[in-house]
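A.B. asks: sharing a model prediction with you, sequence too.
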Amino acid sequence: MKRVLGVLSLLLSVAMASANPIDFDKAFKESTKIEKQIKKTSFPKRKYLITDFGAKPNTPDNPCHEEINQAIITCSLNGGGTVVIPRGTFYTGPITLKSHVNFHVEEGAVLKFSTDQSLYFPGVITRWEGLDCYNARPLIYAYGETNIAITGKGTIDGQGSNETWWPMCGAPRYGWKEGMVAQRNGGRERLLMYGETSTPIYKRVMKPEDGLRPQLINLYSCNTVLIEDVTLLNSPFWVIHPLFCESLIVRGVKVFNRGPNGDGCDPESCKNVLIENCTFDTGDDCIAIKSGRNADGRKWNVPSENIIVRNCFMKKGHGGVVIGSEISGGYRNLYVENCKMDSPDLDRVIRIKTSSCRGGIIENVFVRNVTVGQCREAVLRINLQYENKENCDRSFPPIVRNVHLKNVTCEKSKLGVLIIGLDDDEHVSNISVEDSHFNNVSKDGNDIKGAKDVSFKNLYINGNLVK
């Protein structure tokens, strides 16, 4: 306890003298400008029912993805419209979206994806944990399309479970047993080494025996995208993974995915994104912003930028709103407001994770009006020493700066602010928390190492003003 508070007091004596007041109103006016830049989808009124193309409900042994994909292609070639999944349970394999198509899952409709792995190979170009490769087809995929949507009050179920996709992570608690296919058997390490050695992407062809699970939704290099109102369940891997996308809205979506690496929404190297009115209950980070891993991220050098998160509810997860760890292309301009979070299994509220493998600059993070029932570890965690055992070139120290929280209330946590910097204090700077109350903090304070210009204004921890 004395060590934690001693570190805090030493840093604050310097930080408070140099801190400048943060104009949150001005910052969020910038988010309003960003929101106006987001292009909105628009579709002709034509409708195409998948049943008109031969799709039938309740046929688990005969998935109807060929009929669904035919409806999508027909709709797109005719100038666009809405492809409708009607009420009922439909079984399918991989689906590919096309431009000017609204893929609409009606209320009462359930789309269940086959767990027959052979349906998802040969693979397609994607990223897996921030590394470029050809891997298993995502369950819903698009490449280079524009004006596309996934909407409706129905349910999309990836059917991940301890009996199907999840054991491939290699953890016994998710059903893995000795002799089963798993990423830990060499596939993941081989892909990591492809990245470290700059192996050409066309040679990075991952196979079923590599055990690299596919995303539920992966939209690659798409523009003007809407995902609205659907319920997304049981993904094999990450749930929503937009990659190199611009003008993206995720609205009113309910994500329930307790599987391994079950991130809710991971925009990667994306620009102008709005995530609002969503619920996340995940086995990993609820929202995790990314921009590529190590050499691959630095090669493309495409940051994620201009992301707005508001009116969302985060339950279980490793973090509520997260930046990293695959963030080598950098990140700038995050606006989080009016969110609620609450679970003993929610580890952190705002989390930034990176390392000297990654490099890149993370800057301009603004968070206000967030109410937290409880989280397990810290309200704000910044960690520049994530995955210290990763085998990589560690000559790329990252920079995290300009991270500001206001009016954040948390009723239970272990710590308030936890910062793990590098050996110096030059790589984390200009961090502030103001007008906030952290109650029932079990370690009674903050733990800050390797940071400068950390300031607190009207921050109360366990009812005591932090000075």
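C.D. replies: Sure, I can see it.
A.B. asks: ranges for the strands of the stretch 301-450 of the chain?
C.D. replies: 304-310, 313-314, 321-324, 331-341, 348-353, 361-372, 378-383, 399-410, 415-420, 428-438, 447-449 (DSSP state E, counting those that start in this stretch).
A.B. asks: mean neighbour count, distance to Lys467 and mean pLDDT for those strands - can I get that in JSON lines?
C.D. replies: The C-beta positions use only the backbone N, C-alpha and C, and glycine is treated the same way. Below are those laid out as JSON lines (neighbours: other C-beta atoms under 10 Å; distance: least, C-beta to C-beta, whole Å; pLDDT from 0 to 100):
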{"stretch": "strand 304-310", "mean neighbour count": "24", "distance to Lys467": "31", "mean pLDDT": "98"}
{"stretch": "strand 313-314", "mean neighbour count": "22", "distance to Lys467": "31", "mean pLDDT": "98"}
{"stretch": "strand 321-324", "mean neighbour count": "28", "distance to Lys467": "28", "mean pLDDT": "98"}
{"stretch": "strand 331-341", "mean neighbour count": "22", "distance to Lys467": "27", "mean pLDDT": "98"}
{"stretch": "strand 348-353", "mean neighbour count": "27", "distance to Lys467": "23", "mean pLDDT": "98"}
{"stretch": "strand 361-372", "mean neighbour count": "22", "distance to Lys467": "22", "mean pLDDT": "98"}
{"stretch": "strand 378-383", "mean neighbour count": "26", "distance to Lys467": "18", "mean pLDDT": "98"}
{"stretch": "strand 399-410", "mean neighbour count": "21", "distance to Lys467": "18", "mean pLDDT": "98"}
{"stretch": "strand 415-420", "mean neighbour count": "24", "distance to Lys467": "14", "mean pLDDT": "98"}
{"stretch": "strand 428-438", "mean neighbour count": "22", "distance to Lys467": "13", "mean pLDDT": "98"}
{"stretch": "strand 447-449", "mean neighbour count": "20", "distance to Lys467": "15", "mean pLDDT": "97"}
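A.B. asks: export the ones you listed as TSV, with columns for distance to Ile85.
C.D. replies: Shown next, in TSV, are those (distance: least, C-beta to C-beta, whole Å):
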stretch	distance to Ile85
strand 304-310	28
strand 313-314	26
strand 321-324	31
strand 331-341	30
strand 348-353	35
strand 361-372	35
strand 378-383	40
strand 399-410	40
strand 415-420	44
strand 428-438	44
strand 447-449	49
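A.B. asks: which one of the ones you listed lies closest to Val253?
C.D. replies: Val253 sits nearest to strand 313-314 of all the strands of the stretch 301-450 of the chain, at 11.4 Å, using C-beta to C-beta.
A.B. asks: taking the centroid of the chain, which residue is nearest it?
C.D. replies: Asp266 (2.4 Å; C-alpha atoms, centre = their mean).
A.B. asks: I'd say it and Cys286 touch.
C.D. replies: No: here Asp266 lies out of contact with Cys286, judged by C-beta atoms under 8 Å, at a distance of 10.0 Å.
A.B. asks: still on that earlier bit, which one of the strands of the stretch 301-450 of the chain lies nearest to Gly152?
C.D. replies: The nearest among the strands of the stretch 301-450 of the chain, by C-beta to C-beta, is strand 313-314 at 20.4 Å.
A.B. asks: any chance you could list what contacts that closest one?
C.D. replies: 278-280, 286-287, 320-321, 339-343, 346 (C-beta atoms under 8 Å, 6 or more residues apart in numbering).
A.B. asks: how does it look with 7 Å?
C.D. replies: 279-280, 286, 320, 339-341, 346 (C-beta atoms under 7 Å, 6 or more residues apart in numbering).
A.B. asks: now stretch 293-308
C.D. replies: Applying C-beta under 7 Å, 6+ apart, the external contacts of stretch 293-308 come out as 31, 34-35, 129-132, 195-196, 198, 244, 267-274, 289-292, 326, 328-335, 357-360, 392.
A.B. asks: tell me what the nearest residue to Tyr143 once chain neighbours are set aside is bridged to.
C.D. replies: Counting by C-beta to C-beta, 6 or more residues apart in numbering, Tyr143 lies nearest to Tyr220, which is 4.7 Å off, once chain neighbours are set aside. On the basis of DSSP bridges, Tyr220 is bridged to Tyr143, Leu243.
A.B. asks: and the gap between Tyr220 and Gly80?
C.D. replies: Tyr220 sits 20 Å away from Gly80, going by C-beta to C-beta, to the nearest Å.
A.B. asks: for Glu178, same thing?
C.D. replies: Distance of Glu178 to Gly80, computed by C-beta to C-beta: 50 Å.
A.B. asks: can you check Ile34 too?
C.D. replies: Taking C-beta to C-beta, one finds Ile34 at 27 Å from Gly80.
A.B. asks: now swap in Ile125 and tell me
C.D. replies: Counting by C-beta to C-beta, the gap from Ile125 to Gly80 is 24 Å.
A.B. asks: equivalent analysis for Ser114, please.
C.D. replies: For Ser114, the distance to Gly80 (C-beta to C-beta) stands at 28 Å.
A.B. asks: where do the helices sit along the stretch 51-200 of the chain?
C.D. replies: 65-77, 187-196 (DSSP state H, counting those that start in this stretch).
A.B. asks: hmm, the residue nearest to Tyr143 is touching His241, no?
C.D. replies: No: applying C-beta atoms under 7 Å as the test, Tyr220 and His241 come out as separate, 8.8 Å apart.
A.B. asks: which one's more surrounded, these two?
C.D. replies: Taking other C-beta atoms under 10 Å, Tyr220 and His241 do not tie; His241 has more neighbours (28 against 20).
A.B. asks: contact partners for the more buried one?
C.D. replies: His241 neighbours (C-beta under 7 Å, 6+ apart): 215, 217-218, 266, 268.
A.B. asks: I'd assumed it was in a strand, is it?
C.D. replies: Yes: judged by DSSP: H, G, I helix; E, B strand; the rest coil, His241 forms part of a strand.
A.B. asks: pull up the gap between it and Glu196, please.
C.D. replies: Plainly put, His241 is 22 Å away from Glu196 if you go by C-beta to C-beta.
A.B. asks: same check on Val273?
C.D. replies: 29 Å.
A.B. asks: for the closest residue in space to Glu107 that isn't next to it in sequence, phi and psi?
C.D. replies: Among residues not flanking Glu107 along the chain, Lys153 sits closest, at 3.8 Å (C-beta to C-beta, 6+ apart). Note on Lys153: its backbone torsions stand at phi -100, psi 20 [degrees, to the nearest 10].
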